[in-house]
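Trainee: no sequence on this one, just coordinates:
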Ligand SMILES: Cc1cc2nc3c(=O)[nH]c(=O)nc-3n(C[C@H](O)[C@H](O)[C@H](O)COP(=O)(O)OP(=O)(O)OC[C@H]3O[C@@H](n4cnc5c(N)ncnc54)[C@H](O)[C@@H]3O)c2cc1C
Ligand code: SF4
Ligand code: SF4
């Protein structure tokens, strides 16, 4: 690599050391499930330890959790969930008074037609659109949308809940810390796992007081080393510790992490006269591009969470989530509900969508993987929170069993307890059904939808095949993507003009291809920068290294597509000199989209890209997403 990894710079530094029994990386739903289950069983009702710490004899096990974001609940999700695992852990969840929670009410799946005429639709889809238009008098059709009269059961969330990830996580965090048996430290990114002889022995926290490259600068404070018998890795789909373990231990045979999506959402105050009731759940597909799925969930007090997912199989070199989200909101079916609304909050994050096929080794000597980074998210049912929580709770039960039996956290013991519980659970059963359910999308949207229906209805026995490609394999050059719509010479001129001004080219290219300019209203339709300031409240403390790095500048110089610039959710990556982009840490929302959206392979590993996404501080400051 041409640029040094900050970790390597300071490897030789003498570091403070802390010993614990269990250390957790990240506080998302997976770790919340783990700590919720564990924390309640570490002490007896009289306060005496139910199991004893190895590092502080006479006390219960010392459990620490480090979260990267500046506070608990700054994560991003939908969320509608069946809440099966959540209800098992929190039986009175419906009456717990969690802010923004509502029971699931009316559910609709809508096929959105293209009222703009700019969407890239296959001839098959155009035929389907013509059919819908011709028979709209006989169909449940309104405002350019077809309300699917029947949807398979696997898509439903009846009996479930609409939640705000931020509010739920703050609530759970308080419950967990109130037990007094667990400490959660936000604003404290874990830089890496400490690995000795293929055994994970703990984690290293991020260095402070360093320059952009990670070299010690004024006020240098080396990150502490936390040694623990068990490291629980729940750092999500793009977590640096998960990435490190994938590299070090490899993935099981035939497993890969090639499917992903960028999810972006707004939290909106709906107009006062909104007809939408709390608990309403709308799911959409078909617009602004056929590949893009959308969601709108209604919380109490006229607040809605709404957004889109831009999936890996949308082969566009300008797949900007923010711009597409605005076009989606303005679809006539949705705009009649949203017009007059006001942006409260904004957030974005990537989802690991390889599911069971992206599952890493679930456990090894001294460590276990839980949550989305461990392949728990189910793409067939569109559910990740409940699954992540369930895997955390399963690990907690396994850990308690091992602690009580005084058995060490070896690979063998963790597999016999944690992995076995997971294999025997509904998480595994449903993950198997979902495993190849979306392969059809590799060959087109219609094939994908049929494949999903087949897999869902047959429990995964029937699927339409398709080969997931590595992210960099599927990005066509800009000229090819716009062929037939914009002459190649003009595509290059638009791109070069934009890059000379230091801005991305997607807006100019999309508008030239027929997408209308967005007329900002200062309330809901706001510029990307305003969304960062008003909705995301993005912040980054000083004295940390850049966590996004262009580690193979030669690849960037050769790269004509600059997908990282086009897709960046925070406009933190901009065109740079000599073809190597610039990164502005203060605008980064840590969504991880750049890790997937790179048009070049890493020369060292074809499963990875030419950009590095490492541990970092700051990001979104909103607990509503
Ligand atoms: C827009 C959007 C909508 C969604 N909608 C739904 C929905 O409706 N229903 C549903 O069930 N699922 C939904 N999901 C998916 C769901 O949010 C995820 O599956 C779920 O959050 C995974 O939980 P997790 O704990 O495994 O990981 P995460 O939620 O990603 O949590 C990982 C945590 O680790 C932290 N972390 C990362 N790196 C480090 C580090 N180095 N040091 C310390 N901490 C670190 C992160 O900050 C984060 O808090 C949605 C996702 C998105 C983005
Ligand atoms: S990071 Fe990837 S997409 Fe961005 S310029 Fe470099 S090679 Fe191109
Ligand atoms: S630079 Fe930051 S905001 Fe931009 S895509 Fe990467 S992680 Fe997301």
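Mentor: Now that the structure is in, tell me what you want to look at. This is a predicted model, so every value here is computed, not measured. Ligands and ions are numbered 1, 2, ... in the order given.
Trainee: and residue 405, how far is that from residue 416?
Mentor: To residue 416, residue 405 is 11 Å away according to C-beta to C-beta, to the nearest Å. Using the backbone N, CA and C atoms, a C-beta is placed for each residue, glycine as well.
Trainee: sorry, that was for residue 288
Mentor: Relative to residue 416, and taking C-beta to C-beta, residue 288 is found at 49 Å.
Trainee: neighbour count for the two, which is higher?
Mentor: residue 288 (26 against 16; other C-beta atoms under 10 Å).
Trainee: would you agree that one falls within a helix?
Mentor: No: under DSSP: H, G, I helix; E, B strand; the rest coil, residue 288 falls outside any helix and is assigned coil.
Trainee: what's the biggest helix by length in the chain packed up against?
Mentor: The single longest helix within the chain, with elements called by DSSP state H, is helix 385-404. Counting contacts by 3 or more C-beta pairs under 8 Å, 6 or more residues apart in numbering; DSSP states H and E, helix 385-404 is packed against helix 29-39, helix 84-89, helix 411-414, helix 420-423, helix 426-434.
Trainee: return the most buried member of those helices.
Mentor: Of all these, helix 29-39 carries the top mean neighbour count, a mean of 28, counting by mean count of other C-beta atoms under 10 Å.
Trainee: now the angle from it to helix 385-404?
Mentor: If you take axes from the mean of the first three to the mean of the last three C-alpha atoms, to 10 degrees, helix 29-39 sits at 40 degrees to helix 385-404.
Trainee: packing partners of helix 29-39?
Mentor: With contacts defined as 3+ C-beta pairs under 8 Å, 6+ apart, helix 29-39 has these neighbours: strand 17-25, strand 63-66, helix 84-89, helix 165-178, strand 182-185, helix 385-404.
Trainee: nearest to residue 522, of the ones you listed?
Mentor: With C-beta to C-beta as the criterion, residue 522 lies closest to helix 165-178 of the helices and strands packed on helix 29-39, at 24.3 Å.
Trainee: name the residues that touch the closest one?
Mentor: Contact with helix 165-178 is made by 27-29, 32, 35-36, 39, 72-79, 96, 98-101, 182-184, 385, 622-625, as judged by C-beta atoms under 8 Å, 6 or more residues apart in numbering.
Trainee: quick one: mean pLDDT for the longest helix of the chain?
Mentor: Averaged over helix 385-404, pLDDT sits at 98.
Trainee: looking at the helices and strands packed on helix 385-404, which is nearest to ligand 2?
Mentor: helix 29-39 (28.8 Å; C-beta to the nearest ligand atom).
Trainee: quick one: the closest one near ligand 1?
Mentor: Yes: between helix 29-39 and ligand 1, judged by C-beta under 6 Å from any ligand atom, the touching residues are 29-30.
Trainee: that helix: how far from the chain's middle?
Mentor: Centroid displacement of helix 29-39 relative to its chain, using C-alpha atoms, centre = their mean, to the nearest Å, is 19 Å.
Trainee: run through who's touching it.
Mentor: Helix 29-39 is contacted from outside by 22, 24-25, 27, 63, 65, 77, 85, 89-90, 165, 169, 172-173, 175-176, 179, 181-182, 184, 232, 234, 370-372, 374, 376, 384-385, 388-393, 395-397, 399-400, using C-beta under 8 Å, 6+ apart.
Trainee: again, only this time at 7 Å
Mentor: By C-beta atoms under 7 Å, 6 or more residues apart in numbering, the surrounding residues in contact with helix 29-39 are 24, 63, 65, 85, 89, 169, 172, 175-176, 179, 181-182, 232, 234, 370-371, 385, 388-393, 395-397, 399-400.
Trainee: the closest residue to residue 96 other than its chain neighbours: neighbour count?
Mentor: Nearest non-adjacent residue to residue 96, counting by C-beta to C-beta, 6 or more residues apart in numbering: residue 90, 6.6 Å away. Counted with other C-beta under 10 Å, residues neighbouring residue 90 total 17.
Trainee: and residue 90, what are its phi and psi?
Mentor: Torsion angles at residue 90 (phi, psi; degrees, to the nearest 10) stand at phi -130, psi 80.
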